[in-house]
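In: Fold the following.
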Amino acid sequence: MSTPRLRRRVPSAEPLARAVLHDHRLTFHKVGRDGSAKCDIVAAPPHLVHGVVFRIEPCQRAALDHAEGLGEGYDDIRLQVRMADGSYVETFAYRATRTDPDLEPFTWYVQHVLRGAVEHGLPDDYIRMLRATRARPDPDTDRDAREMAVHLSTAGQRHAR
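Out: Next up, the predicted model:
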């Protein structure tokens, strides 16, 4: 959800608007390639997942699929989400195929999600929920520094309407 992080993977990424996925819940239980938990969305009425719809150039979709691990932990799915203006649009997301409820995400990963939520003005209660996510330090301190460096020049920016 962090625009700077997504643009590192897909330079054409443009946030269009905030959106809500009904009857789902955000979880951190996808088994990541680095052994930590990553985000997933699971059916869970009456919960809501708040997020952002981005536009990307079609020619960059394969790069995003590769970065996200399509076919190696995530499948892509089509969803109907409610945009901030009340309209519904079909979009795609990734759903975990390998999960472990005992895994915790690395702190830098939660920061990407949290900073994206703040950047795009998601609801305060949702941001509080993200802040309460249990996370652990990444033992690879170089990776931690690389991941967090993407936010150094973009603090305080807001994008999605």
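
In: which helix of the protein spans the most residues?
Out: Counting by DSSP state H, the longest helix found in the chain is helix 107-119.

In: Tell me which residues are up against that helix.
Out: Contacting residues not belonging to helix 107-119 are listed as 1-3, 5, 28, 32, 36-39, 50, 52, 126-127, 130-131, 133, 135-138, 143-144, 147-148, 150-151, 154, 157-160 [Cβ atoms under 8 Å, 6 or more residues apart in numbering]. Bear in mind the C-beta positions are built from the backbone N, C-alpha and C, glycine included.

In: For it, give the mean pLDDT please.
Out: The pLDDT scores in helix 107-119 average 97.

In: now swap in stretch 16-36 and tell me
Out: 97.

In: any idea how far that stretch is from the chain center?
Out: 6 Å (Cα atoms, centre = their mean, to the nearest Å).

In: can you pull the buried residues of that stretch?
Out: 16-21, 24-32, 36 (16 or more other Cβ atoms under 10 Å).

In: so which of the residues you listed would you say is closest to R95?
Out: K30 (8.7 Å; Cβ to Cβ).

In: I'd like to know the average pLDDT value across stretch 1-10.
Out: pLDDT averaged over stretch 1-10 gives 95.

In: Check stretch 58-70 too.
Out: 95.

In: Not counting its own residues, what contacts it?
Out: Residues contacting stretch 58-70 (Cβ under 8 Å, 6+ apart): 9-12, 32-33, 56, 71, 74, 76, 94.

In: if we go to 10 Å?
Out: Residues outside stretch 58-70 that contact it (Cβ atoms under 10 Å, 6 or more residues apart in numbering) are 5-6, 8-13, 30-33, 38, 54, 56-57, 71-72, 74, 76, 92-94, 96-98.

In: host element of the nearest residue to V49 once chain neighbours are set aside?
Out: Once flanking residues are discounted, V49 sits nearest to L21: 4.2 Å by Cβ to Cβ, 6 or more residues apart in numbering. Assigned by DSSP states H and E, L21 belongs to strand 14-31.

In: ok and that strand relative to helix 107-119, angle-wise?
Out: 150 degrees (axes from the mean of the first three to the mean of the last three Cα atoms, to 10 degrees).
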